[in-house]
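# Next one to model:
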Amino acid sequence: MKVKDRKTTNTRNQRQRTEKNKRVPGKNPKSTTTQRQGTRTEKKKHVRPKSLGYLNKLNTAVRDHFASAMDLPTFLATQGTLTPEDRKFLVRQALILIEQNYVHLPLKRAMHSIDPVQRLKLLLHELEQTPAELLPSEVTFHWEMTEIFTSTHDGHTNYMLPAPFSWMTASLPFMVEDYFEAGRRKYLVSHITPGSINQPTFVEGVEVVSWNGIPMERAVLNNAQRYTGSNREAQHAHGVENLTTRALFIALPPDEAWVIVGYKTADGKLEEVRIDWIVNPALPSGEGNGNEKGAKADSPAEAALGLDLEHHHIQQMRKALFAPQVVAAENKIAQKGGMMAPKLLGDLDSAMPGVFEARKVTTSAGTFGYLRIRTFQCNVYSFRGEFIRLVSALPQNGLIIDVRGNGGGYIVNGEWILQVLTPKRIEPEPVQFINTPLNLRICKQIGWLNQWVESIQQSLQTGAVFSAGFPLSDPEQCNAIGQKYFGPVVLITDALCYSTTDFFAAGFQDHEIGPVLGADGNTGAGGANVWDYKDDLCNYMPDVYQPLPNGAGMRVAIRRGLRVGKRAGMPVEDLGVIPDERHFMTKNDLLHDNVDLINRAGELLTAQGPVRAFKLTIQYDLPDVPPNMAKVIINTSGISRLDIYYQERPLQSIDIHEEQTTFLVAAQTMGLEIRGFDGRQLVVRYKTSKG
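Here you go, the predicted model:
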């Protein structure tokens, strides 16, 4: 096997030298694109090794997607080279990005003792002073750039590798997750792709004790250093996640072509198994799930993106390997024209199966509703409508919302739905730019950013580091629908909750909707709106930002979010949302559908006090009702008074003595707001749709 490895390496080096000799260094960094496209074509010409034969037996919903999958040595043999001018151009553009646009630079310098600007300057100096023939390899250059961006501990701010790495993912056909037992963290195999590992004792549930001969805790810590993570909890979570799945366009390839996994069998014996890496693009986001490569942002909602792109791609790959039934359901819905009519679905079957999972759960404290939200990266209006439909169909005596592993998406998705869960008026998070000349130009040029202009201009006089804060989400939209769920709610988070999910969790906690139960001691702490280099910055500032060579890319945290309520003004970045209670995941959780976690969530629901109910019906054209009037029927529980408003004007106040209350309104008076009180406490804010 060692001889074969040397041959593979020699072949790869020879191809790199041949490619380099064919090239004429160009002054324009865009000149390499055509050459790299040729390299990408070569990737398809390979014979799949026998170790990857299981891919031919995958579920039909994903089998074709893996048709071009290859092992790691074959993929690495397709590498090309960037010219010296390409490398300099990449560094210069990164310098502008970090110095002029990166909103967290002062915070990161203080919290992590780093200086990415100086490191980029030193790298540029080295490239300018070193003869081309003495420059390090392209992989070394990518490692340096990746390490500089990773040092920020920011999942929004990325260097995205060019072809052949673009949008590729390296995976092992199993998943490792961690849990606690007797106060110690342990690791087990939670999912295995059927037929992928030909070793009978390596099954779901076995404990993993070593990784390439390194004890697991040390292996995870070593791996975590290679990836972003705004706090220790998040960095550890990424260290576990990236053990078996890596987004190669952000993280460099594994050092090894295969891994040796040491594990403890069901009967306690220690064994090892060798498993090869596979390289393939992640599944593209389907209809309704957004476009992970970005799109030109022409409106505030489209530019209000908050997404951990690396984690998103890992989730897409894992969906293909371990949940192909979800892909099949998405394909079926897409074939019917996108969002299936609700009548074609069961009450709790989601029209967006890759986004929502809704079901009833029976816990030690009772039966409640359970809603898993896996991503906020989907059409805004479809997301909001489906969320309301599902929570309305779930049991109304208590709701568990689980956002573990949700890497974010459109920020408005996270902030618009908060109103559905509470009678309180929602205050969306304000966001700030860092005050720089380039950000001032951007805000002046784009009409919907003009409100930030004045404060950035004044910073020359005041010395302020950040601009004034204004919300990304329209406050009126955040309160336009009103409350639709009236029972108690618990939110479950973990350290992989990021960006929009941080905004959602912070809003949930800041508006005191219910307790936050954390599977980790913190969320991922991604407190910003992210802009893409190509689709945003090149579009807005073409005289400053030009396309990068060979499909390379970058992303930057452009506006930082601040919390509201009792924590008003606190940044979300690095700090994140600390749960009200920590749940240490158990082996029982990992192997039996989070049973202990959900039982604890059920106990928290029952501890929130009385369960209230509210149901409104409007009847028209009744024989016993005067013409042009409508009858409003409201069934309630746990409510002592109703105040009725129309266009912010009070119409009447009704003391409740029975479960059902009726009153008349003008038939054309739609858009009512009904506020329900228990004593003096506001407990319901319901809005009817406008006619």
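# Give the next helix or strand downstream of the lowest-mean-pLDDT helix or strand in the chain.
Lowest on mean pLDDT, DSSP states H and E among the helices and strands of the chain sits helix 33-43, with a mean of 39. Using DSSP states H and E, the next helix or strand after helix 33-43 towards the C-terminus is helix 60-63.
# Show me the helices in the stretch 501-650 of the chain, by range?
538-540, 587-591, 595-606 (DSSP state H, counting those that start in this stretch).
# Highest mean neighbour count out of these?
Sort those by mean neighbour count, taking mean count of other C-beta atoms under 10 Å, and helix 595-606 sits at the top with a mean of 21. Where you see a C-beta, it was placed from the backbone N, CA and C, and this is true even at glycine.
# Pull the residues that contact that helix.
The contact list for helix 595-606, computed with C-beta atoms under 8 Å, 6 or more residues apart in numbering, reads 361, 363-366, 368, 370, 397-400, 487-490, 492, 514-515, 517, 519, 581, 583, 585-586, 588-589.
# Taking these, please make a ChimeraX selection of just the buried ones.
For anyone working in ChimeraX, the buried entries among the contacts of helix 595-606, judged by 16 or more other C-beta atoms under 10 Å, can be selected with:
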select :361,363,365,368,370,397,398,399,400,487,488,489,490,492,514,515,517,519,583,585,586,589
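# Just the ones of the contacts of helix 595-606 in strands?
361, 363, 366, 368, 370, 399, 400, 489, 490, 492, 517, 581 (DSSP state E).
# ok, the last one - contacts?
The one in question is residue 581. Contacts for residue 581 were tallied using C-beta under 8 Å, 6+ apart; they are 515, 516, 517, 518, 600, 604.
# That one pairs with what?
residue 517 (DSSP bridges).
# Report the contact partners of residue 119.
By C-beta under 8 Å, 6+ apart, residue 119 lies in contact with 148, 151.
# you'd agree it is in a helix?
Yes: applying DSSP: H, G, I helix; E, B strand; the rest coil, one finds residue 119 inside a helix.
# Retrieve the pLDDT associated with it.
Looking at residue 119, its pLDDT reads 98.
# and residue 402, how far is that from residue 359?
11 Å (C-beta to C-beta, to the nearest Å).
# With residue 100 instead?
Taken as C-beta to C-beta, the span from residue 100 to residue 359 is 48 Å.
# and the two? which has more neighbours close in?
Comparing residue 100 with residue 359 by other C-beta atoms under 10 Å, the one with more neighbours is residue 100, at 19 against 13.
# I figured the more buried one was touching residue 435, is that so?
No: using C-beta atoms under 8 Å as the test, residue 100 is too far from residue 435 to be in contact (10.4 Å).
# Please enumerate the shared neighbours of those two.
With C-beta under 8 Å, 6+ apart as the test, residue 100 and residue 435 reach no residue in common.
# was I right about residue 230 contacting residue 576?
Yes: taking C-beta under 8 Å as the definition, residue 230 is a contact partner of residue 576 at 6.7 Å.
# anything in contact with each of those two?
With C-beta under 8 Å, 6+ apart as the test, residue 230 and residue 576 both reach 524, 525, 526.
# Could you dump the residues you listed into JSON lines and include distance to residue 152?
Below are these laid out as JSON lines (distance: C-beta to C-beta, whole Å):
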{"residue": "524", "distance to residue 152": "14"}
{"residue": "525", "distance to residue 152": "13"}
{"residue": "526", "distance to residue 152": "12"}
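# From these, pick the one nearest residue 54.
Among the shared contacts of residue 230 and residue 576, residue 524 lies closest to residue 54 (C-beta to C-beta), at 32.4 Å.
# Check which helix or strand the closest residue to that closest one other than its chain neighbours maps to.
Of all residues not flanking residue 524 in the chain, residue 498 sits nearest, at 3.8 Å (C-beta to C-beta, 6 or more residues apart in numbering). Under the criterion DSSP H and E, no helix or strand holds residue 498.
# Next, the contact list for residue 498, please.
155, 234, 306-308, 311, 406-408, 523-526.
# For residue 258, state which of those residues is nearest.
Out of the contacts of residue 498, the member with the shortest distance to residue 258 (by C-beta to C-beta) is residue 311, at 24.2 Å.
# Skipping its backbone neighbours, what lies nearest the closest one in space?
residue 407 (3.9 Å).
# Residue 676 too?
Closest to residue 676 by C-beta to C-beta, 6+ apart is residue 684, at 3.2 Å.
# can I assume the one you found sits in a strand?
Yes: according to three-state DSSP, residue 684 belongs to a strand.
# Which residue lies nearest the spatial centre of this structure?
residue 407 (1.5 Å; C-alpha atoms, centre = their mean).
# Can you check which of the helices of the stretch 501-650 of the chain gets nearest to residue 564?
helix 595-606 (23.2 Å).
# For the protein, give me the ranges with low pLDDT.
Low-confidence segments of the chain (pLDDT under 70): 1-48, 286-303, 337-345, 690-691.
# rerun that using 80 as the cut-off
For the chain, the stretches flagged by pLDDT under 80 are 1-50, 79-81, 228, 285-303, 336-346, 667-670, 689-691.
# can you list the domains in it?
2-152, 168-281, 613-687 (automatic domain parsing).
# Mean neighbour count, the ones you listed: which tops it?
Mean neighbour counts for the domains of the chain (mean count of other C-beta under 10 Å) peak at domain 168-281, with a mean of 18.
# ok, so what distance separates residue 441 from residue 539?
The spacing between residue 441 and residue 539, counted by C-beta to C-beta, is 14 Å.
# try residue 231
Applying C-beta to C-beta to residue 231 and residue 539 gives a distance of 33 Å.
# Next: residue 76.
Taking C-beta to C-beta as the measure, residue 76 falls 34 Å from residue 539.
# now swap in residue 632 and tell me
49 Å.
# cool, residue 411 as well?
From residue 411 to residue 539 the distance is 19 Å (C-beta to C-beta).
# Off-centre distance for stretch 65-83?
With C-alpha atoms, centre = their mean, to the nearest Å as the basis, stretch 65-83 stands 27 Å off its chain's centre.
# CA-only coordinates of it in PDB, if you can.
C-alpha atoms of stretch 65-83 as PDB (Å, rounded to 0.1, in the frame of the first residue of the first chain):
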ATOM      1  CA  HIS A  65     -25.700  12.600  -7.200                       C
ATOM      2  CA  PHE A  66     -22.800  10.300  -6.200                       C
ATOM      3  CA  ALA A  67     -22.000   9.200  -9.800                       C
ATOM      4  CA  SER A  68     -18.800  11.200  -9.900                       C
ATOM      5  CA  ALA A  69     -17.700  10.500  -6.300                       C
ATOM      6  CA  MET A  70     -14.000   9.600  -6.000                       C
ATOM      7  CA  ASP A  71     -11.500   8.700  -3.300                       C
ATOM      8  CA  LEU A  72      -9.300  11.400  -1.900                       C
ATOM      9  CA  PRO A  73      -6.000  10.600  -3.700                       C
ATOM     10  CA  THR A  74      -7.900  10.700  -7.100                       C
ATOM     11  CA  PHE A  75      -9.400  14.100  -6.200                       C
ATOM     12  CA  LEU A  76      -6.100  15.600  -5.100                       C
ATOM     13  CA  ALA A  77      -4.400  14.500  -8.300                       C
ATOM     14  CA  THR A  78      -6.700  17.000 -10.200                       C
ATOM     15  CA  GLN A  79      -5.100  20.000  -8.500                       C
ATOM     16  CA  GLY A  80      -3.800  22.900 -10.600                       C
ATOM     17  CA  THR A  81      -1.800  26.000  -9.700                       C
ATOM     18  CA  LEU A  82      -2.500  29.700  -9.300                       C
ATOM     19  CA  THR A  83       0.000  32.100 -10.800                       C
END
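# residue boundaries of the helices in the stretch 1-150 of the chain?
2-22, 33-43, 60-63, 72-76, 84-96, 105-112, 116-129, 138-150.
# Show me what the next helix-or-strand element following the last one packs onto, helices and strands only.
Taking DSSP H and E as the definition, the helix or strand that follows helix 138-150 towards the C-terminus is strand 158-160. Under the contact definition 3 or more C-beta pairs under 8 Å, 6 or more residues apart in numbering; DSSP states H and E, strand 158-160 sits against helix 138-150, strand 553-561.
# Now render those as a markdown table, adding distance to residue 269.
Below are these laid out as a markdown table (distance: least, C-beta to C-beta, whole Å):
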| stretch | distance to residue 269 |
| --- | --- |
| helix 138-150 | 38 |
| strand 553-561 | 46 |
